[in-house]
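> My questions are about this predicted structure, shown below with the sequence.
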Amino acid sequence: MSPSSLVLVQILTAVWVNVNVSSAAFAATAAAAFVNGNVKNHANLNVGVNAKNTVKEGFVPQTHDSFLQLAKKSSDSTASTSTKRSIEEEEEEEEEEENDTVPLNYDGRIKYYDDDTLRTQHRCGFVSLIGAPNMGKSTLLNALLQETLCTATHRPQTTRHSILGVLSSSSSISDGDHDPCCCQLCFTDTPGVIDEPAYKLQEGMMEAVKGALVDSDVILVVTDLFSTPIPDDVTFARIKESDKVKIVVINKIDLVDRVNVGKSGDDDDDDDGNGNNNSNNKNNVQLYHKKTSSKEDKGDNDGEEEEKRYKRTVTVAQAVQNWREILPDALAIIPLTASAGGKDVGVVALRTLLMGGPDVPAAFRDLGRPLDGMFKDKGVMFLSNEEARGIIPYGPPLYDEDTLTDRSERFFASEIIRATLFCKLGKELPYCCEVIIDEFREPKPQDKRKLTRIMATICVERESQKGIVVGKGGVKIKDVGVEARKQLEEFLQEKVHLKLNVKVDKNWRRDESKLKAYGYLKK
């Protein structure tokens, strides 16, 4: 062995003895480097010890071969210790993962179910209500839930936000209970679809409609006895081309008794008594919306406005047949009267169909003789329980069984006040109003008198509008406050002290930053 090699061995061995092989891997690496000829000189190793301390008294230098064996032994020992530690760490991680799957118990937590139970027993899905303004979507949602959740007025475009309503089956999942009707329906009430938004507020409302279409598992197209269509071609095209389950709801069928049916019939029988066919009579055809056509579309009539028209129906049978032609793949077309409440036979049939039972055929038999085109397949008299249970996908409940909505009481307080404005003010003014809840103070447990204190601000766009809302001597705002307080007390089931203020928020419907603050646009 050369002198330089012997010195290198002595240095490395001394380090191992003094430091108790705190870095055995380093010794092994250095030895391998020495064998491979990578270490030319002991000066290349920065071992951090003085040369005079490298050899202890009585120390016997090792040979080259014994040093290599020692380094190999240290390396194997380190690898074995590392492997053992890795196995122990993996076992600990697996144990932690198993502990993570154990559900926590606290108030308001949704009950925990294993995967097999969810797959075989519970269904959950989103159902979006889409339609033109003033079709009774909010009234229909209230009837389906059998709760007064959404504000509804006789005015179109009362609804400005998407509102969630949750309907859960009364039966719960438990060991040994295999109720196939166990279901949770998450309804989404949407603003009425409009063709061309006039300002930023309406653009935000239409974005809410688009979002509801994307998120839904089932689309409820809500129309009326007169077959009022969805005015926006793009939105309707999305619905028509969608592969989601579609159900058409023909609302307001109680109006059939108020319509002069004699003026409108089937196209083939529409004769004026003089032998002339009036299939294009205004009683049968109603303006849909105007759309300016290009030269390519109109040919010689360059730039003329084309009046898109649709068939106006005045009987339930006509409406069903008309919508079967418009949406041929609709699973069912159900006539009903939402204003009659949750016990209306049509509402019960729709609710039973979506819930998947308990007896779907019986619910449809209560509607009377099925009309031609009522179901997708010809000759079908009703849908079976099995077909109905295939509408909503299987999955865990997303909300607690007692949950009705994800909106707060503050939100519904503002909606109730705004709906009162729609009923008490003139034709156009309510659309310029926004209601902001400044304070919503609930009674404390120790209070002897249970009183909820609400302070709200009504925002208008111009000073002239402020004067109309306040009224002469404050009469109008007082009238609004009295009626709103009654509805709030009915909603909250407790006494309410309501204070209303009116302020001018210039052009808030067109101001993007304000609409974001009011919750109409995403921030």
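Perfect, I can see it now.
> secondary structure element for Leu500?
Using DSSP states H and E, Leu500 sits in strand 495-504.
> That strand - contacts with which helices or strands?
Counting contacts by 3 or more C-beta pairs under 8 Å, 6 or more residues apart in numbering; DSSP states H and E, strand 495-504 packs against strand 451-460, helix 463-470, helix 475-492. Placement of C-beta: from N, CA and C, glycine included.
> neighbouring contacts of the second one?
By that I understand helix 463-470. When contacts are defined by C-beta atoms under 8 Å, 6 or more residues apart in numbering, helix 463-470 is touched by residues 421, 425-426, 429, 432-433, 458, 460, 476-477, 480, 502-504.
> can you give me the strands in this protein?
With DSSP state E as the criterion, the chain has strands at 123-131, 163-168, 183-189, 218-224, 245-251, 285-292, 305-311, 332-335, 434-441, 451-460, 495-504.
> Just want the angle from the fifth one to strand 218-224.
An angle of 20 degrees separates the directions of strand 245-251 and strand 218-224 when computed by axes from the mean of the first three to the mean of the last three C-alpha atoms, to 10 degrees.
> ok, strand 245-251: who's next to it in the sheet?
Paired strands of strand 245-251, with direction, are strand 218-224 (parallel), strand 332-335 (parallel) (DSSP bridges).
> Can you say which of the ones you listed is nearest to Ala484?
strand 218-224 (27.1 Å; C-beta to C-beta).
> Report the angle between that closest one and strand 123-131.
30 degrees.
> now strand 218-224 against strand 183-189, angle please.
Relative orientation of strand 218-224 and strand 183-189, computed by the same axes, to 10 degrees: 50 degrees.
> Let me know the distance separating Lys240 from Val248.
To Val248, Lys240 is 12 Å away according to C-beta to C-beta, to the nearest Å.
> out of the two, which sits in the busier spot?
Taking other C-beta atoms under 10 Å, Lys240 and Val248 do not tie; Val248 has more neighbours (25 against 15).
> would you list every one of the helices in the stretch 301-450 of the chain?
316-326, 345-355, 360-365, 385-388, 409-424 (DSSP state H, counting those that start in this stretch).
> Need the per-residue pLDDT for Arg462.
On pLDDT, Arg462 comes in at 93.
> Surely Ala338 and Gly131 touch.
No: when contacts are counted by C-beta atoms under 8 Å, Ala338 is not listed as touching Gly131 (11.4 Å).
> on that earlier part again, so what sits against both of Lys240 and Val248?
Jointly contacting Lys240 and Val248 under the rule C-beta under 8 Å, 6+ apart are Leu327.
> Report the contact partners of Phe226.
Counting by C-beta under 8 Å, 6+ apart, the residues that Phe226 touches are Gln286, Arg312, Thr313, Val314, Ala319.
> ok, back up a step: tell me which of the helices of the stretch 301-450 of the chain sits nearest to Leu521.
Among these, helix 409-424 comes nearest to Leu521, with 16.3 Å by C-beta to C-beta.
> and Glu490, what is it in contact with?
Neighbouring residues of Glu490 by C-beta under 8 Å, 6+ apart: Thr148.
> what's the spacing between Leu371 and Lys311?
16 Å.
> Let me fix that, I meant to ask about Lys376.
Relative to Lys311, Lys376 is positioned 20 Å away (C-beta to C-beta).
> where do the helices sit along the stretch 151-300 of the chain?
Under DSSP H, counting those that start in this stretch, the stretch 151-300 of the chain gives helices at 200-215, 233-241, 295-298.
> between the second one and strand 245-251, how many degrees?
Orientation of helix 233-241 against strand 245-251 (the same axes, to 10 degrees) gives an angle of 120 degrees.
> packing partners for helix 233-241?
Counting contacts by 3+ C-beta pairs under 8 Å, 6+ apart, helix 233-241 is packed against helix 200-215.
> Quick one: closest of the helices of the stretch 301-450 of the chain to Ile454.
Distance to Ile454, taken as C-beta to C-beta, is lowest for helix 409-424 among these, at 5.7 Å.
> Next, the buried residues of the closest one.
411-422, 424 (16 or more other C-beta atoms under 10 Å).
> can you list contacts of that helix?
The contact list for helix 409-424 (C-beta under 8 Å, 6+ apart) reads 149-155, 158, 161, 429-430, 433-437, 440, 454, 456, 458, 469, 476, 479-480, 483-484, 487-488, 491-492, 500.
> What's the ChimeraX line that selects buried ones from the residues you listed?
To isolate the buried ones among the contacts of helix 409-424 in ChimeraX, judged by 16+ other C-beta under 10 Å, type:
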select :149,150,151,152,153,155,158,161,429,430,433,434,435,436,437,440,454,456,458,469,476,480,483,484,487,488,491,492,500
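> who wins for proximity to Leu141 among the helices and strands packed on strand 495-504?
Closest to Leu141 of the helices and strands packed on strand 495-504 is helix 475-492 (C-beta to C-beta; 15.4 Å).
> now the closest one: mean pLDDT?
95.
> re the thing from before, can I get the helices and strands packed on strand 495-504 in a markdown table with distance to Arg324?
Shown next, in a markdown table, are these (distance: least, C-beta to C-beta, whole Å):
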| stretch | distance to Arg324 |
| --- | --- |
| strand 451-460 | 45 |
| helix 463-470 | 46 |
| helix 475-492 | 39 |
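> Quick check: which of the ones you listed is nearest to Ser227?
Distance to Ser227, taken as C-beta to C-beta, is lowest for helix 475-492 among the helices and strands packed on strand 495-504, at 32.9 Å.
> follow-up on the earlier one: quick one, which of the helices and strands packed on strand 495-504 gets closest to Lys343.
Across the helices and strands packed on strand 495-504, the minimum distance to Lys343, taken as C-beta to C-beta, is reached by helix 475-492, at 19.9 Å.
> tilt between the closest one and helix 463-470?
When the same axes, to 10 degrees is applied, the directions of helix 475-492 and helix 463-470 differ by 60 degrees.
> I'd like the numbering to begin with 755 instead of 1 from here.
Understood, numbering begins at 755; the last thing we discussed is helix 1229-1246.
> Mind exporting the C-alpha coordinates of helix 1229-1246 to CSV?
Only the C-alpha atoms of helix 1229-1246 are listed here, as CSV (Å, rounded to 0.1, in the frame of the first residue of the first chain):
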residue,chain,number,x,y,z
VAL,A,1229,-97.5,57.3,3.4
LYS,A,1230,-96.2,54.9,0.7
ILE,A,1231,-93.1,53.7,2.6
LYS,A,1232,-95.3,53.2,5.7
ASP,A,1233,-97.7,51.1,3.7
VAL,A,1234,-94.8,49.0,2.4
GLY,A,1235,-93.4,48.6,5.8
VAL,A,1236,-96.6,47.4,7.4
GLU,A,1237,-97.3,44.8,4.7
ALA,A,1238,-93.6,43.6,4.7
ARG,A,1239,-93.6,43.3,8.5
LYS,A,1240,-96.7,41.0,8.4
GLN,A,1241,-95.0,38.7,5.8
LEU,A,1242,-91.7,38.7,7.7
GLU,A,1243,-93.5,37.7,11.0
GLU,A,1244,-95.2,34.9,9.1
PHE,A,1245,-92.0,33.8,7.6
LEU,A,1246,-89.9,34.0,10.8
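> Next, the angle strand 1188-1195 makes with that helix.
Inter-element angle recorded for helix 1229-1246 and strand 1188-1195: 60 degrees (by the same axes, to 10 degrees).
> Specify the angle between helix 1229-1246 and strand 1205-1214 in degrees.
Helix 1229-1246 and strand 1205-1214 are oriented at 130 degrees to each other (the same axes, to 10 degrees).
> What strands line up against the strand holding Leu1254, and which way round?
Using DSSP bridges, strand 1249-1258 pairs in its sheet with strand 1205-1214 (parallel).
> buried ones in the partner strand?
Going by neighbour count (16+ other C-beta under 10 Å), the buried part of strand 1205-1214 is Thr1206, Ile1208, Ala1210, Thr1211, Ile1212, Cys1213, Val1214.
> Chain neighbours aside, what residue packs nearest to Leu1125?
Val1074 (4.8 Å; C-beta to C-beta, 6 or more residues apart in numbering).
> ok, how many other residues are close to that neighbour?
By other C-beta under 10 Å, 21 other residues sit near Val1074.
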